[in-house]
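Q: With the sequence up front, the predicted model follows.
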Amino acid sequence: MNRVFLGRLSVFALLAFLSTLLCPRLVLADASVPGMLSANSDSGQFVVVASREPSPLAALPEVATNQEFVRLDPAFLAVSAERVKNSLLQKLGIQSQEMQGGTIYLTLQPARALDENVDVFPSRFGGHWVYHVALPDVLPRERLARALTSVFLMDYANRNAGPNLAVVPAWLTEGLSQEMLAESMQDVILSVPGQTVNNIPVERVSFTEHGVDSLASVRDILQTYSIVTFQQLCWPTDLELAGEDGGDYRASAQLFVNELLDLRDGPAKLRATIDSLPRFYNWQTAFFSAFHENFSTPLNVEKWWALQSVIFAARNPGPQWSPAVSREKLDQILSVAADFRSTSNSLPVRAEISLQDVIKNFNSEVQMQILHVKLQDLEVAQFRMTPSLAILAAEYRDALAGYLGEAQVNRRGAIVEKSSARVVSARDTLLLLNALDARRRSIALATGHGWME
């Protein structure tokens, strides 16, 4: 799986780790530890050790000709790690003199497969946090960037921490690593040359201009997938962390971090979030403490993120759905899956209910959770629908916005009406939704598709 793990050390990694901890000077020279190579980064923060025998996978044609893979040795990894750190320092506006973290030991192991995990092992040593990262010497460039970003953020958060290890949210690691790769992938992550010409190592590199649009890959991915909600960002699944969702989570996390950085004093507030992680049991408290001027509650950030999502979707709607797909998507959004029990001891039965049923039967808290998600789904979907259904979806969205006291958004992503103290009543909202359902029924009958109750 394509993720960073906290786990057990292999025998080789454990020996390398203990040698660097107990005898750090011994690894500075190749001959000091038989069978091992080593290197230190310029700042001295990264110590790299490796077996003298690289993985035979490095010579595979699919690796040598694929720039998505990197082949590592101690020298190249030490330089890459230092460059990743400097790139993140710049992104977050951190002065290098502020970065007085612990030593990070990177142990290269001969790769046995092209999809091996990267393992991160934090530990307390001499009253300070130190980190050991065990990684294969052949791996995808993106995975290496994510691992180095993860350990950098951990180290920065824990540089003044006590015995409680800070937990860095997944969206921050994913978002920052994707931002870094989008802006300077070839300059930051280096790979051992794949071939030699006249005894000179040569590496073929295809340059792509970066810095013009760091969200280019995000736009490509999110034309196919929906932007994930704030709750999904907070609690990703294993499949999302592994990138097995088509890259939807990573793209959404990059967009989320990009939008946070664009806020007034955004980099400073992200720094404050990371700084305060060791003081709290969960990262949400640190986040809302740092961004209190922008978001006082989780609902505030959900509203803000929903608005950013619809604005992004409006600017990059992607290919328009067919009439049949538009109808299907709208029907899906306007239904809610719910479990019902006929008696207290009976098994729950899954049924699809309408938004009207939600408003009539659920308490206020549950209503808000469900309707805010539906609000965002309507905002994003309307830009992909055929014109008649796009207009209808926008009106459904406005009906929910009025009930929830939300801002209205037009088809270009601009706010056209600010929320006010007056909220449309439940009775009036139910009447409006019933009228919209009647129009939706008429459209379905007019196009010969009937109406599904």
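A: Perfect, thanks for sending it.

Q: Quick one: mean pLDDT for the helix or strand containing Phe76?
A: For Phe76, the enclosing helix or strand under DSSP states H and E is helix 74-92. Summarised as a single mean, pLDDT over helix 74-92 is 92.

Q: Could I get the buried residue list for that helix?
A: For helix 74-92, burial by neighbour count (16 or more other CB atoms under 10 Å) applies to 74-89, 91-92. In this view, the C-beta of every residue, glycine as well, is placed from N, C-alpha and C.

Q: Then stretch 368-383?
A: 370-383.

Q: What of stretch 242-256?
A: 243, 245, 247-256.

Q: Would you convert these into JSON lines that also reports distance to Leu135 and secondary structure?
A: Formatted as JSON lines, the buried residues of stretch 242-256 follow (distance: CB to CB, whole Å; DSSP: H, G, I helix; E, B strand; the rest coil):
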{"residue": "Gly243", "distance to Leu135": "17", "secondary structure": "coil"}
{"residue": "Asp245", "distance to Leu135": "23", "secondary structure": "coil"}
{"residue": "Gly247", "distance to Leu135": "21", "secondary structure": "coil"}
{"residue": "Asp248", "distance to Leu135": "25", "secondary structure": "helix"}
{"residue": "Tyr249", "distance to Leu135": "22", "secondary structure": "helix"}
{"residue": "Arg250", "distance to Leu135": "19", "secondary structure": "helix"}
{"residue": "Ala251", "distance to Leu135": "24", "secondary structure": "helix"}
{"residue": "Ser252", "distance to Leu135": "26", "secondary structure": "helix"}
{"residue": "Ala253", "distance to Leu135": "22", "secondary structure": "helix"}
{"residue": "Gln254", "distance to Leu135": "22", "secondary structure": "helix"}
{"residue": "Leu255", "distance to Leu135": "28", "secondary structure": "helix"}
{"residue": "Phe256", "distance to Leu135": "27", "secondary structure": "helix"}
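
Q: Now flag whichever of these is closest to Leu165.
A: Of all those, Leu165 sits closest to Ala253, with 21.8 Å by CB to CB.

Q: For the closest one, give me its contacts.
A: Taking CB atoms under 8 Å, 6 or more residues apart in numbering, we find Ala253 in contact with 170-172, 174-175, 178, 233.

Q: Closest to Ile221 out of those residues?
A: Of all the contacts of Ala253, the one with the least separation from Ile221 (CB to CB) is Gln178, at 10.3 Å.

Q: Relative to Gln223, how far out is the closest one?
A: 17 Å (CB to CB, to the nearest Å).

Q: now the strands: where do they sit in the stretch 201-350 of the chain?
A: 335-340, 349-354 (DSSP state E, counting those that start in this stretch).

Q: Can I get these in JSON lines including mean pLDDT?
A: As requested, those are exported to JSON lines (pLDDT from 0 to 100):
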{"stretch": "strand 335-340", "mean pLDDT": "81"}
{"stretch": "strand 349-354", "mean pLDDT": "84"}
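
Q: Now render those strands as CSV, adding distance to Phe46.
A: Below are the strands of the stretch 201-350 of the chain laid out as CSV (distance: least, CB to CB, whole Å):
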stretch, distance to Phe46
strand 335-340, 49
strand 349-354, 52
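
Q: Now the ones you listed in CSV, please, with extra columns for mean neighbour count and distance to Ala314.
A: Shown next, in CSV, are the strands of the stretch 201-350 of the chain (neighbours: other CB atoms under 10 Å; distance: least, CB to CB, whole Å):
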stretch, mean neighbour count, distance to Ala314
strand 335-340, 13, 24
strand 349-354, 12, 27
